[in-house]
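K.L.:
Could you work out the structure for the sequence below:
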Amino acid sequence: MQRKRVLPLAALLLCAPALAGTVPAAVAAPQAGPAPAPVPAGPLRILLTNDDGYNAPGIRLAFARLTAAGHDVTIVAPLTNQSGAGTKTSNSPSLAVRHPEPKVWAVDGTPGDSVNFGLSEVFEGGAPDLVVSGTNFGPNVAALASHSGTVGGAVAALDAGVPAIALSTGGVAAPDPVTTVNAMGPTLDFAVKLIDRLRSRARSGPLLPEGVGLNVNHPVVGADGKGTPAGVATTFQDAQALLKADYTDAGDGTWKVGVKVDLKTPARGSDVEAVSAGKIAVSPMNADWNTGTVDFAVTAALLTGLRP
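P.N.:
Below you'll find the predicted structure:
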């Protein structure tokens, strides 16, 4: 996944997060972490995280739906809302962790901290088969994704060599609380189908190719949010920023920040195009920061002959 640096505006608009970049034709796989393990014959062991907090409606519904589907699910998620945290991890010498109920761990840190703690301590005896991050309140398409804590949690798993899926619920507009929460049910129904598909196609191999995760964006369909999407599209992440900030000088050394959706014509085959059409966007991603082969070659030519 190619990343583009943009202003971290998503948290301001969504109360939940942000992400980015287009997927080039060829991207190098991350080098860190072991190869994914083969899929077990029994239920999957799933580490469930998010960026909205361990007690948010999306993660609790995800826990119920994935458990009902027969999976062994453990929540390891932030203690508080960490929307817009991206791939940040803490560098403090200590980390507060609560264990408020069985199968639930609340980490006073970012989604990345939560996943790292979960992989190191909660799943100390062996890595989970899959990390699921979400479902997030609001979309993580286009440039929103580079700042998304939901996607950041999935990236932390990929860095460690564990397959990961980021789940988000919402269209390209600011999310309405009622319809977005209603649409979380269909989002998780699809997530169960997606995991079943990956298992059936994996046979004796891993769920996903080494270093590859999925960024899934489920639209809000219908007046009540409970409608059926128009289809499923395998997409890349649109390059547009999607949000635009405007700053007003308050005259006291502070600036008021306003954010609005600035939707441009989406690229054909992109996540923005799919979600705008009422389709579920499934974007393969990886955790590295490399460009595609063409961009690398063009940039290398620009640097040819440079001396210290």
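
K.L.:
Which neighbouring residues are in contact with the nearest residue to residue 40 once chain neighbours are set aside, exactly?
P.N.:
Distance criterion CB to CB, 6 or more residues apart in numbering; nearest residue to residue 40, sequence neighbours excluded, is residue 129 at 6.3 Å. C-beta here means a position set from N, CA and C on the backbone, and glycine is covered the same way. If you count contacts by CB atoms under 8 Å, 6 or more residues apart in numbering, residue 129 has them with 37, 39, 40, 44, 45, 46, 163, 207.

K.L.:
filter those residues to the buried ones?
P.N.:
Neighbour counting with 16 or more other CB atoms under 10 Å marks 37, 39, 44, 45, 46, 163, 207 as buried within those.

K.L.:
Quick check: the two most widely separated of those?
P.N.:
Largest separation among these by CB to CB: 37 and 46, giving 13.5 Å.

K.L.:
re earlier: need the buried ones among the contacts of residue 129 in JSON lines with secondary structure, distance to residue 153 and pLDDT, can you?
P.N.:
Output for these, formatted as JSON lines (DSSP: H, G, I helix; E, B strand; the rest coil; distance: CB to CB, whole Å; pLDDT from 0 to 100):
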{"residue": "37", "secondary structure": "coil", "distance to residue 153": "20", "pLDDT": "67"}
{"residue": "39", "secondary structure": "coil", "distance to residue 153": "21", "pLDDT": "76"}
{"residue": "44", "secondary structure": "coil", "distance to residue 153": "17", "pLDDT": "94"}
{"residue": "45", "secondary structure": "strand", "distance to residue 153": "17", "pLDDT": "95"}
{"residue": "46", "secondary structure": "strand", "distance to residue 153": "13", "pLDDT": "97"}
{"residue": "163", "secondary structure": "coil", "distance to residue 153": "13", "pLDDT": "95"}
{"residue": "207", "secondary structure": "coil", "distance to residue 153": "17", "pLDDT": "91"}
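
K.L.:
Show me where the stretch 151-300 of the chain has its strands.
P.N.:
Applying DSSP state E, counting those that start in this stretch to the stretch 151-300 of the chain gives strands spanning 164-169, 212-218, 232-234, 243-249, 255-261, 280-286.

K.L.:
Redo these as TSV? Include mean pLDDT, mean neighbour count and distance to residue 273.
P.N.:
Output for the strands of the stretch 151-300 of the chain, formatted as TSV (pLDDT from 0 to 100; neighbours: other CB atoms under 10 Å; distance: least, CB to CB, whole Å):
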stretch	mean pLDDT	mean neighbour count	distance to residue 273
strand 164-169	97	30	16
strand 212-218	96	27	11
strand 232-234	96	16	8
strand 243-249	93	13	17
strand 255-261	92	12	15
strand 280-286	95	23	8
